[in-house]
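Enquirer: coords below, sequence missing:
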């Protein structure tokens, strides 16, 4: 793809998200989501491969369904209440349809089945955009709508945390594992949204930092499945030694950064007297932790069988810049000591 065409599509991605962020009218927000969707589809299909075409087709059909549901929800709200503003979504039927549309947009369970299949058909760069940037606009709409005491949102969140944990247990493809990781983390974000929206935003930004570092590490290692992770030690020993910390941070182990949002979310749930829900979410974190430990074991404690002549091609220099990876890794593993500062920042 021409660099100019690529720049146009990337700028369109940014434009669509910015329009949704800045809009107060439902039609303008819907238009931003549509620009966002139409801009990423050529990026998905730019590699002329049947899997990439299949992923782009599945993504288009899913997002078109979600956009139609969102448009129907907003028109129904305008018909019943006479309001087109985003913060005036008040009718129960409209709120329910809006929640289902946003769940389909970002891949919440039980309407999640498209996400692992689509992510598996993409390259790691486009998969990173799908797992991070494409979540921003729908979550911004969920943030603006009053979702207090939304039982369907709580149901989506619990189901996502469970499915994200169970679904990744027996996967061998790294992109599918990261897809189920995304589903699990989204469950945590959505669960706390109705009680503490600022905590949802902090969890989102920490998730983006950890997921970005993981995608970039796998891209640098040219790894697409668990077996290929065993070659990481021959390629970059230092990176292979640090990567398990990033993976365990995704799993939420202290004293790493990923422990911070889970800790605050469980604390907030106990403050709301939802002790059983907090216990259930803690158990789902153990499910996710299993496949993160599995990846860490494969990358650090496993050596791929090789000969001297087989090692040589792995040592070709990489054109990927290491500074973004280094910065993201530092953010992913070392922010826990400044937890009070982060909470003050997002609360204000």
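Expert: Perfect, thanks for sending it. Quick caveat, the model's predicted, so the values are computed rather than measured.
Enquirer: Okay, now stretch 37-53: how far is its last residue from its first?
Expert: Chord length of stretch 37-53, first to last residue, is 15 Å (Cα to Cα, to the nearest Å).
Enquirer: C-terminal to the helix or strand bottoming out on mean pLDDT in the chain, what's the next element?
Expert: Across the helices and strands of the chain, mean pLDDT, DSSP states H and E gives its lowest value to helix 308-311, namely a mean of 50. Scanning forward in sequence from helix 308-311 by DSSP states H and E, the next helix or strand is helix 323-334.
Enquirer: elements contacting that next one?
Expert: helix 197-221, helix 237-251 (3 or more Cβ pairs under 8 Å, 6 or more residues apart in numbering; DSSP states H and E). Every C-beta, even on glycine, is put in place using the N, C-alpha and C of the backbone.
Enquirer: Give me the contact list for that helix.
Expert: 206, 209-210, 212-213, 216-217, 220, 239, 242, 245-246, 249-250, 256-258 (Cβ atoms under 8 Å, 6 or more residues apart in numbering).
Enquirer: same thing with stretch 219-228?
Expert: Residues contacting stretch 219-228 (Cβ under 8 Å, 6+ apart): 124-125, 172-175, 218, 229, 231-232, 235-236, 239-240, 294-295, 298, 304, 318, 320, 322, 325.
Enquirer: Emit the ChimeraX select command for whichever of the residues you listed are buried.
Expert: Only the buried entries of the contacts of stretch 219-228 go into this ChimeraX selection, using 16 or more other Cβ atoms under 10 Å:
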select :124,174,175,218,229,231,232,235,236,239,240,294,295,298,304,325
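Enquirer: quick one, what contacts the closest residue to residue 17 other than its chain neighbours?
Expert: Nearest non-adjacent residue to residue 17, counting by Cβ to Cβ, 6 or more residues apart in numbering: residue 137, 4.8 Å away. By Cβ under 8 Å, 6+ apart, the contact set of residue 137 is 16-17, 20-21, 32-33, 36.
Enquirer: Could you pick out the buried ones from those?
Expert: Counted by 16+ other Cβ under 10 Å, these give 16-17, 20, 32-33, 36 as buried.
Enquirer: Could you tell me the average pLDDT over the helix or strand where the residue nearest to residue 17 lies, please?
Expert: If you go by DSSP H and E, residue 137 is part of helix 136-144. Averaged over helix 136-144, pLDDT sits at 92.
Enquirer: repeat for stretch 240-254
Expert: So the average pLDDT for stretch 240-254 ends up being 89.
Enquirer: which residues sit against it?
Expert: Outside stretch 240-254, the residues touching it (Cβ under 8 Å, 6+ apart) are 181, 210-211, 213-214, 217, 221, 232-233, 256-259, 261-263, 285, 288-289, 292-293, 295-296, 299-300, 329, 332-333, 336.
Enquirer: How about stretch 164-181?
Expert: 107, 109, 115-116, 119-120, 122, 124, 127, 131, 163, 182-187, 211, 214-215, 218, 223-227, 229, 250, 284-288, 290-292, 295.
Enquirer: can you rerun that using 6 Å?
Expert: Here stretch 164-181 makes contact (Cβ atoms under 6 Å, 6 or more residues apart in numbering) with 115-116, 119-120, 127, 183-184, 218, 224-226, 284, 287-288, 291.
Enquirer: so of these, which ones are in helices?
Expert: Counting by DSSP state H, those place 115-116, 119-120, 127, 183-184, 218, 226, 284, 287-288, 291 in helices.
Enquirer: on that earlier part again, closest to residue 155 among the contacts of residue 137?
Expert: residue 33 (23.4 Å; Cβ to Cβ).
Enquirer: just checking, what packs against the host helix or strand of that closest one?
Expert: Using DSSP H and E, residue 33 falls within helix 26-44. On a contact count with 3 or more Cβ pairs under 6 Å, 6 or more residues apart in numbering; DSSP states H and E, helix 26-44 meets helix 3-22, helix 50-81.
Enquirer: Now do that helix: distance to the chain's middle.
Expert: Here the centre of helix 26-44 is set off from its chain's centre by 18 Å, with Cα atoms, centre = their mean, to the nearest Å.
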